[in-house]
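[1] Provided below are the primary sequence and the corresponding predicted coordinates.
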Amino acid sequence: MPINNIKLKYLIIINIILLILFYINITFSQPSISSVSGDLVHGGTLIINGSNFGVKSPAAPLMWDNCETAVVNNEAEVLNRGWLDPWPRFGTSSIEHRIKYRNAPYHNTAPPHQYSTKYLVGGHYQTPNNVPPYIGPGGEDYRNVMVTAYAGGPARRWFAIWYVRHDSLWYTPCDQATNEKWDCINGGPSAYYGSSFLYTGTDANRSTCYNGLNRWNYFGGFYTFCPGFDDTGQTNNARFDWVKMEHRVANDNLGFHDVLIDNIYALRFTQNCPYFWDNLGGEYLANGIQSFTIGGYYRHGTNVNDITTYRGDVNNFRYFDDMYIDTTLARVILGNAAEYSACTILEPQIPTAWNNNSITCTINLGRLSNQNRVYVFVFNRDDVRNLNGYPIGEEPPSKPRGIIIGP
């Protein structure tokens, strides 16, 4: 046999062995749940036993705010609970529109689920005659409704999930300059930090102008220039009900940024993006992400080139609840289906202890009823989870197949 053929044969064998080892590694590194204990009660304790959970230190997330213990109608309370950069806080002449915790219902807006009695609310107020201007000096504060969680330094991986909705009287006239931001990842401690930030949101050309529809399109700032970018998926609309926003970011060798609404992809790309991963002269998060912002600004205007036409509206309140932000992809999620992609409700659990073989969580049921069976999913730091959800709770009663008459 020619030497070249022998070399080729051995090369093929080596590649096959490496491929097998690769899949074996994936299999053994996948979290596996062997048992779950604890009553399925909101605020109770859940203990998950198994293997390959990895390490999460600290166990608790960077930020978990379900608003329930907050002091309402107190502007300082947002800062007191660990948020940075809360807007609007100073600039608006309407104190009512400043971001604060409120008792539900506020403005006849029901909370997202039965366990919620408070939420975080702020309004995009428009001062009379656009003075101060909506964009520019004096206007930077009240055009935004947002809060920011700061990690204290750069982190490469982030996970965030929260409820959001608009006021039922939200005004969007579909002007040329209609624009709304939903969140932002930042290279510094505050939102829109220098030139080192990336936001996602909706604009006039992508159905932020609701037109009576209950679905909308989503877009991702600079991401439209990225290879592998996809923002064609339509999702549920926060104008009509609470939606569950979810972000998964890996600014490292994993290399992805996914945005989901009610577990439906709104934005994703899987190829390296020059506006996200590369240095570009020190811009765009090349040195890691230091903070995550929930919310952002909103405006509408008749002329995109004339900032004097930009406006907010007296009824444009935004509501946030159950805000979970962390600097790792490791997490525990309860869902309403055994197959993760089939889940229409996903609720983050709040870890209090975590090691490779056991996790203890405070139960957050959210929109999951404690009367029905729910499913546990454990994700490790590489975003790998148990294949099928581990069932807990009561199994729904089976439907009767027929009626028997007589003895």
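    Done, it's in.

[2] Could you pull out the helices in this protein for me?
    3-29, 77-80 (DSSP state H).

[3] Please list all residues in contact with W83.
    M63, D65, V147, T148, A149 (CB atoms under 8 Å, 6 or more residues apart in numbering). For the C-beta atoms, the positions are set from N, CA and C on the backbone; glycine is no exception.

[4] Show me which pair in those residues is furthest apart.
    For these, the farthest-apart pair by CB to CB is D65 and T148; their separation is 12.1 Å.

[5] first to last residue in stretch 366-376, what's the distance?
    14 Å (CA to CA, to the nearest Å).

[6] which other residues reach that stretch?
    33, 36, 40-42, 46, 48, 112-113, 115, 163, 322, 332-338, 343, 345, 347, 386, 388-396.

[7] swap the cut-off to 6 Å and go again
    With contact meaning CB atoms under 6 Å, 6 or more residues apart in numbering, stretch 366-376 is reached by 36, 40, 113, 334-335, 338, 345, 347, 389-391, 393, 395-396.

[8] Give me the subset of the residues you listed lying in strands.
    Secondary structure defined by DSSP state E assigns V36, L334, G335, E347, Y390, P391 of the contacts of stretch 366-376 to strands.

[9] Tell me the one of these nearest S190?
    Using CB to CB, those come closest to S190 at E347, 29.0 Å.

[10] for the nearest residue to the closest one once chain neighbours are set aside, phi and psi?
    Leaving aside its chain neighbours, E347 sits nearest to G366 (3.9 Å; criterion: CB to CB, 6 or more residues apart in numbering). Dihedral angles of G366 (phi, psi; degrees, to the nearest 10) stand at phi 50, psi -120.

[11] what does the domain assignment say about this structure?
    For the chain, automatic domain parsing gives the domain ranges 33-56+333-392, 63-326.

[12] Report the separation between the two terminal residues of the last one.
    Spelled out, that is domain 63-326. 7 Å.

[13] same deal with the first one?
    By CA to CA, the extent of domain 33-56+333-392 from end to end equals 12 Å.

[14] mind putting the contacts of stretch 366-376 in TSV, distance to G295 included?
    What follows is those, written out as TSV (distance: CB to CB, whole Å):
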residue	distance to G295
V36	34
L40	32
H113	20
L334	25
G335	25
A338	33
I345	22
E347	21
G389	31
Y390	34
P391	35
G393	33
E395	39
P396	37
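
[15] which one of the residues you listed is nearest Q290?
    E347 (27.1 Å).

[16] Scan the helices and strands of the protein for the one with the lowest mean pLDDT.
    strand 215-216 (a mean of 38; mean pLDDT, DSSP states H and E).

[17] that older thread, can you report how many residues neighbour the residue nearest to E347?
    Here the number of neighbours of G366 (other CB atoms under 10 Å) works out to 22.

[18] Could you report the pLDDT at it?
    Per-residue pLDDT puts G366 at 97.

[19] measure it to D183 for me?
    19 Å (CB to CB, to the nearest Å).

[20] quick revisit: which among the ones in strands among the contacts of stretch 366-376 end up buried?
    V36, L334, G335, E347, Y390 (16 or more other CB atoms under 10 Å).
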